[in-house]
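Q: Sequence and predicted structure below; questions after.
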There are 2 protein chains.
Amino acid sequence: MKATGIIVEHNPFHNGHLYHIKESRKKTAADIIIAVMSGNFLQRGEPALVNKWTRTEMALKAGVDIVIELPYVFATAQASDFARGSIDLLEAIGCDDFCFGSEEGSIEPFAHSYEVITTHQEDYQNSIKQYMKLGLSYPKALNEAYTEITSNSEINFVDLSKPNNILGYHYLEAAYQINAHIKPVTIQRVVANYHDDVEHSQSIASATGIRKAIFDDGSIEALANFMPQTSLEHLLNWKDSIGVFGSWQQFWPLLRFTIIRSSVKELATYAEVTEGIEHLIYEAAKKCETFEEFMACVKSKRYTWTRIQRMLTHIYTGFTWEALHSHKKPTYIRVLGMTHNGQKYLNHKKKNLSLPLVSRVAAIKDSLLDLDIHASDLYHLGLQSNKIKQPAGSDYRNPPIII
Amino acid sequence: MKATGIIVEHNPFHNGHLYHIKESRKKTAADIIIAVMSGNFLQRGEPALVNKWTRTEMALKAGVDIVIELPYVFATAQASDFARGSIDLLEAIGCDDFCFGSEEGSIEPFAHSYEVITTHQEDYQNSIKQYMKLGLSYPKALNEAYTEITSNSEINFVDLSKPNNILGYHYLEAAYQINAHIKPVTIQRVVANYHDDVEHSQSIASATGIRKAIFDDGSIEALANFMPQTSLEHLLNWKDSIGVFGSWQQFWPLLRFTIIRSSVKELATYAEVTEGIEHLIYEAAKKCETFEEFMACVKSKRYTWTRIQRMLTHIYTGFTWEALHSHKKPTYIRVLGMTHNGQKYLNHKKKNLSLPLVSRVAAIKDSLLDLDIHASDLYHLGLQSNKIKQPAGSDYRNPPIII
């Protein structure tokens, strides 16, 4: 059975994701699609709109065969660590290929870029540092350095100013660095750009646009054109049963309390909080009544929005630099859900997996897994919905979803 | 000017407090009544019904001349440290007497008890330890040991099974231990016992009974018989402007989040959390949806309700054993409010005070004061009232109240 991996957040699942699954299956002639999916906190440093169980069901009903969880440590990390954790897991579960969507659409330019960067590693890193000293954020500095290194050339490099190309580059880099068996494949993303709003005449919108539509208009039914019917039903069902969607706006009272309860010194112990920004975070939390006001106070040229949100995620969950530094690689494969086809694949493979397969979290003791369980508990508390009975401990109660 | 100190919480102010003020003034022929008052967290380990500013106004309008704040560290401590902090402050501000209400009503039995206990200190302490080993809570063990030491005697000892006698004993002990200039005086408490419910035919009810009436019935007007009109108006005004009263029920979502966000190991670093109870606290917070359920899970013969609530207060505010051990004595006199008479007294005395007088918190840097400011911020956040603008930083904005 040929298995292809995809790296997803599905926040929420939409037609672009459906296209990605179908094209990946077609392009790699896959029997099985395995998605490594972020849990309840995402790479942009945000709580997920709906929890990982609901997002798993969405994925399974739309053609994914197995969903495994990208542990908190990697799911909320900067792009290179996010990519590394994801590729490690897809390699460990025995995928032959991984397929990502990119603005570029073909794999060779990625390989060329990887080669030129690794060949001129030192110059490249120095150049990034120089640009950062000039006050540029890391992504911007990287982009400038990259433009330098890839100018005056006949070779076709990938355009690393595009967000999905950047992520794709990191996937490919991770695979090459660990000498993975797994092969990189890319397909061209269609229509929606990363941050595009929902245009009601199209059938593919970005997840960001969809989230915006949900929070601004509150009308989920209007999104029927942009996602499979099953996904829409899950969203509607979540709204009926939970009443609120995950967002920093929703989590703000708890986040704010947590910041103000901490000392400035303690804030600096949390992962990614660095260079004195803890003072700014502390004072802004005291002063600002809403999350929007808070971000307006904290945001500067120095840090991207995403980077700040990741700091907030770690403050919220109590995830320290120390914890970050002591977890470098995935240590288990946690199955969130599978189809019967996926189950067959796992039965066939399970003796040869390079990491232990976890379906019941109570069965193993692992500090990386403890962090996932912890983050899940705090996510469900953050929703502050009195419709959720027992917001803590859901990871112990939920077995993998099988459809 | 002769000054008499009283030690109060006024949670909320009622006719019993009014009687205490009037009798104290009469019995000690005082020109000035100075109240040392707990801030926003109280000795029973609870958030105050209304904040310290409102309680200060209640006190000033009912005959107190100066209100000073008992710092968080002492206000939320076990009885002996609570008493020590209070007496230190009343001594420092130059009171001649302090007057407390007791079931006993005359001071000699307190003095006799102090003498017999200090004379047989070692036996007494050993006896307490023995009873605790048998599974008794500290107050119960103390009471048994005390009964032993005061039996078979012609001398009139104070009955230390009565809550106000116990507190009074600790005041007297604190004054004797520091060789205070200040002299102990007691008056008999009238009518209401500590926990008595409101009986609508009487004019004095206990503060516990009054709080119960507020939370159970929600009718403040019905309390008109039990408190001065000015106090009633302050309660009504608070209800109109803030909407909710301070209680663990109200603070529970934040307390629960804070417990679950902490590791069990971290919980054990907070003051008074000891002997493995952190495990019980952590598991109960995960399981229990309400504060009542939580307390039912955590409560055991080993710890009093009050003791557990003090642990929760320290977890809520992030107050550690380390912070507890590094703050042994008051280091300032913080004025929350005064009458013009009180102001005259302070002007007259201020050169001779043994501790610095603080009216603007921004003017001094003191770690004990930082803890008060911190606790205040978290108290106002705990109310979770969107009617409070700027819940953090109120200590910086509020000057002493002068009426």
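A: Cool, the structure landed.
Q: how about the lowest-mean-pLDDT helix or strand in chain A: buried residues?
A: Within chain A, no helix or strand scores below helix A:207-217, which has a mean of 83 by mean pLDDT, DSSP states H and E. Buried positions in helix A:207-217, judged by neighbour count with 16 or more other CB atoms under 10 Å in any protein chain shown: A:207-214. (Each C-beta comes from the backbone N, C-alpha and C, glycine too.)
Q: pull the CA atoms of it into CSV?
A: Output of helix A:207-217 as CSV, limited to C-alpha atoms (Å, rounded to 0.1, in the frame of the first residue of the first chain):
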residue,chain,number,x,y,z
ALA,A,207,-9.0,29.3,5.8
THR,A,208,-8.1,32.8,7.1
GLY,A,209,-10.9,34.2,5.0
ILE,A,210,-13.3,31.6,6.2
ARG,A,211,-12.5,32.3,9.8
LYS,A,212,-12.9,36.0,9.2
ALA,A,213,-16.4,35.3,7.7
ILE,A,214,-17.4,33.2,10.7
PHE,A,215,-16.3,35.8,13.3
ASP,A,216,-17.4,38.9,11.5
ASP,A,217,-20.7,37.7,10.1
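Q: For chain B, what is the nearest residue in the stretch 51-200 of chain A?
A: When distances are taken as CB to the nearest CB, the stretch 51-200 of chain A reaches nearest to chain B at A:Tyr72, 13.7 Å away.
Q: Relative to A:Gln177, how far out is that residue?
A: 22 Å (CB to CB, to the nearest Å).
Q: Tell me which of the two has more neighbours.
A: A:Tyr72 (28 against 14; other CB atoms under 10 Å in any protein chain shown).
Q: Can you check the pLDDT for that one?
A: With respect to pLDDT, A:Tyr72 scores 98.
Q: now swap in A:Asp196 and tell me
A: Among the per-residue scores, A:Asp196 shows a pLDDT of 57.
Q: for the one 10 residues further on, same thing?
A: According to the model's per-residue confidence, A:Ser206 sits at a pLDDT of 81.
Q: my guess is it meets A:Gly16, correct?
A: Yes - counting by CB atoms under 8 Å, A:Ser206 does reach A:Gly16; the two are 7.1 Å apart.
Q: ok, now which ones touch A:Gln336?
A: Actually, residue A:336 is Leu. It isn't Gln. Shown in contact with A:Leu336 (CB atoms under 8 Å, 6 or more residues apart in numbering or on different chains): A:37, A:52-53, A:56, A:67-69, A:400-401.
Q: let's go with 7 Å and repeat that
A: A:37, A:52, A:56, A:67-69, A:400-401 (CB atoms under 7 Å, 6 or more residues apart in numbering or on different chains).
Q: With A:Arg44 instead?
A: A:306, A:309.
Q: Burial check on the residue nearest to A:Leu357 when sequence neighbours are not counted, number of neighbours?
A: Of all residues not flanking A:Leu357 in the chain, A:Ile333 sits nearest, at 5.1 Å (CB to CB, 6 or more residues apart in numbering or on different chains). For A:Ile333, the neighbour count with other CB under 10 Å is 25.
Q: Next: the one 10 residues further on.
A: A:Gln343 has 15 neighbours, counted by other CB under 10 Å.
Q: Same question for A:Gly16.
A: For A:Gly16, using other CB under 10 Å, the count is 21.
Q: Now it: which helix or strand?
A: If you go by DSSP states H and E, A:Gly16 is part of helix A:15-28.
Q: that older thread, if I read this right, the residue of the stretch 51-200 of chain A closest to chain B contacts A:Asp370, doesn't it?
A: No - A:Tyr72 is beyond contact range of A:Asp370, at 9.6 Å (criterion: CB atoms under 7 Å).
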